[in-house]
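**Student:** model this:
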Amino acid sequence: MAVASGTGWVFDNEMPARPVAPTERIDAIDALRGLALFGVLAINLVTEFRVSLFEQFLRKAGAPSPLDGAVAIALDLVLNSKAFALFSLLFGIGLAIQYDRLGRNARRTPLLVRRLAVLLAIGLLHLCLIWNGDILTEYALAGFIVLPFLFGPRWVLAASGLSFLGLYLATPLLPAIASLPHTDWMTQHVAEATRIYGSGGWWEILVYRMDEIPAILPLHIFVFPRTVSLFLLGAFVWRTGILRQAPSHRRLLLGVATLGIAAGGALTIAADHPALADWPVTARGLSLLSRSAPVLLAFGYGAAVIRCMSCLSGRRVLGWAMPIGRMAFTNYLAQSIILGWLFYGYGLGLFGRLGAAAALLIGVILYVVQAAISTWWLRHYWYGPVEWLWRTLMYGGQKATRPASLVVR
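**Tutor:** Modelled structure (predicted):
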């Protein structure tokens, strides 16, 4: 029997279904999510909002300025693919947290399915109406695949996560199920995208954005096994209990951080080394190993931040990232809307007109503003606007958004 309560529906003889309260959150995860969001913003801004996505696959005739070249190289070495891998790892952790919190609730599976269905709906709206670089749709679909594995023990999560990772690493050796468009098509497309995105109206850009989706789809297909793998490995990490008892595992976290960053960084640099790339045998081996670099760096970055947040001095250094991480969903969508207005023809029309350095500066300013707004917002409300909507649609009924007393630490 179900009875109405002040926070939704409560079922007899089971744990009530409700959103996690701020006091129950793990601050280190919020801070890590906030830092990962900057990486996602920087890469999206420089490689997709500033210019056509396909420009990165072409050799440009003119060389960039030294500053733009340095920024592009730094982003490629430090953040490209790594920030998305870290975000995927965090999503898997979040999914496992939701699953475990609903452990005694008979409606656990329907609630989690509804959670992913809402994410899918928001992702499709974002993909079609705002920006076709969306990752929410991919995350929702990967979440549906991962959900059954959450019913299994830790070893199942680890084994299945490593299996999907192995599939991702071996993809270059397997028959291709998708391929990028031909170079001639991409060259023509980049020129057309620069014209339409830079000066087109909202409707023209909308139609063009929809037409681009089939060409972009192979990129999602290529990375999808890695996304599923990181969701599973993130769930495994959560189940180990390390994140809940980080102060007791500082040596382990430091070791993972050191190994992940050193190995991932070395593979990233080696894969781009001209002398090694020219030797066929080495080039093929590095091509396979370099695909693991974002995963290694994601674990390295994550362990470093969790280790730092496990002590008071570290919290003082990184604590500012917690609010923007708690509102990551809201901030991610807001970034798409704001950057669309800045770069597309229905706004300022900066598409194709800025170098990497200038675009990154815009990203830094936007991120700082969002961090300040997130801090202010969470002094008054428990959740960000989109987070509140997501929870409301998942659990049913309006949830309390304004606490009696809440101070952002």
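
**Student:** Quick one: the helices in the stretch 201-350 of the chain, in order.
**Tutor:** With DSSP state H, counting those that start in this stretch, the ranges of helices along the stretch 201-350 of the chain come out as 202-240, 250-271, 274-277, 280-290, 293-309, 312-318, 321-326, 328-343.

**Student:** Quick check: which of the ones you listed is nearest to Ala372?
**Tutor:** Between Ala372 and the helices of the stretch 201-350 of the chain, the shortest gap by CB to CB is with helix 321-326, which sits at 8.9 Å. Bear in mind the C-beta positions are built from the backbone N, C-alpha and C, glycine included.

**Student:** who are the neighbours of that closest one, in terms of helices and strands?
**Tutor:** Judged by 3 or more CB pairs under 8 Å, 6 or more residues apart in numbering; DSSP states H and E, helix 321-326 is in contact with helix 27-44, helix 356-377.

**Student:** Would you mind finding the most buried of these?
**Tutor:** Of the helices and strands packed on helix 321-326, the one with the most neighbours on average (mean count of other CB atoms under 10 Å) is helix 27-44, at a mean of 23.

**Student:** In PDB, could you pull the C-alpha coordinates for that one?
**Tutor:** Coordinates of each C-alpha in helix 27-44 appear next as PDB, following Å, rounded to 0.1, in the frame of the first residue of the first chain:
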ATOM      1  CA  ASP A  27      32.000  16.100  -1.500                       C
ATOM      2  CA  ALA A  28      35.000  14.700  -3.300                       C
ATOM      3  CA  ILE A  29      32.800  13.200  -6.000                       C
ATOM      4  CA  ASP A  30      31.100  16.600  -6.500                       C
ATOM      5  CA  ALA A  31      34.500  18.400  -6.700                       C
ATOM      6  CA  LEU A  32      35.800  15.800  -9.200                       C
ATOM      7  CA  ARG A  33      32.700  16.200 -11.300                       C
ATOM      8  CA  GLY A  34      33.100  20.000 -11.200                       C
ATOM      9  CA  LEU A  35      36.700  19.800 -12.400                       C
ATOM     10  CA  ALA A  36      35.800  17.200 -15.100                       C
ATOM     11  CA  LEU A  37      33.200  19.600 -16.400                       C
ATOM     12  CA  PHE A  38      35.800  22.200 -17.100                       C
ATOM     13  CA  GLY A  39      37.700  19.600 -19.200                       C
ATOM     14  CA  VAL A  40      34.500  18.800 -21.100                       C
ATOM     15  CA  LEU A  41      33.800  22.500 -21.700                       C
ATOM     16  CA  ALA A  42      37.300  23.300 -22.900                       C
ATOM     17  CA  ILE A  43      37.300  20.400 -25.500                       C
ATOM     18  CA  ASN A  44      33.800  21.000 -26.700                       C
END
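
**Student:** Summarise which helices and strands that helix is packed against.
**Tutor:** For helix 27-44, the packing partners by 3+ CB pairs under 8 Å, 6+ apart come out as helix 82-101, helix 293-309, helix 312-318, helix 321-326, helix 328-343, helix 356-377.

**Student:** Run through the residues that contact Leu254.
**Tutor:** Ala303, Arg307 (CB atoms under 8 Å, 6 or more residues apart in numbering).

**Student:** What's the separation between it and Ala303?
**Tutor:** Here the criterion is CB to CB, to the nearest Å. By it, Leu254 lies 8 Å from Ala303.

**Student:** His189: how many residues sit nearby?
**Tutor:** The burial metric for His189, expressed as a neighbour count using other CB atoms under 10 Å, is 19.

**Student:** so what's the backbone phi/psi at it?
**Tutor:** Dihedral angles phi and psi of His189 (degrees, to the nearest 10) take the values phi -70, psi -40.

**Student:** Just say helix, strand or coil for the nearest residue to it once chain neighbours are set aside.
**Tutor:** Distances taken as CB to CB, 6 or more residues apart in numbering put Phe54 closest to His189, at 5.7 Å, once the chain neighbours are dropped. State at Phe54, reduced to three classes by DSSP: H, G, I helix; E, B strand; the rest coil: helix.

**Student:** where in the stretch 301-409 of the chain is pLDDT low?
**Tutor:** With pLDDT under 70 as the threshold, the stretch 301-409 of the chain has low-confidence stretches at 397-409.

**Student:** The residue nearest to His189 contacts Ala191, doesn't it?
**Tutor:** No - under the contact definition of CB atoms under 8 Å, Phe54 does not touch Ala191, with a separation of 10.5 Å.

**Student:** Checking Asp134 next. Helix, strand or coil?
**Tutor:** At Asp134 the chain is in coil, as set by three-state DSSP.
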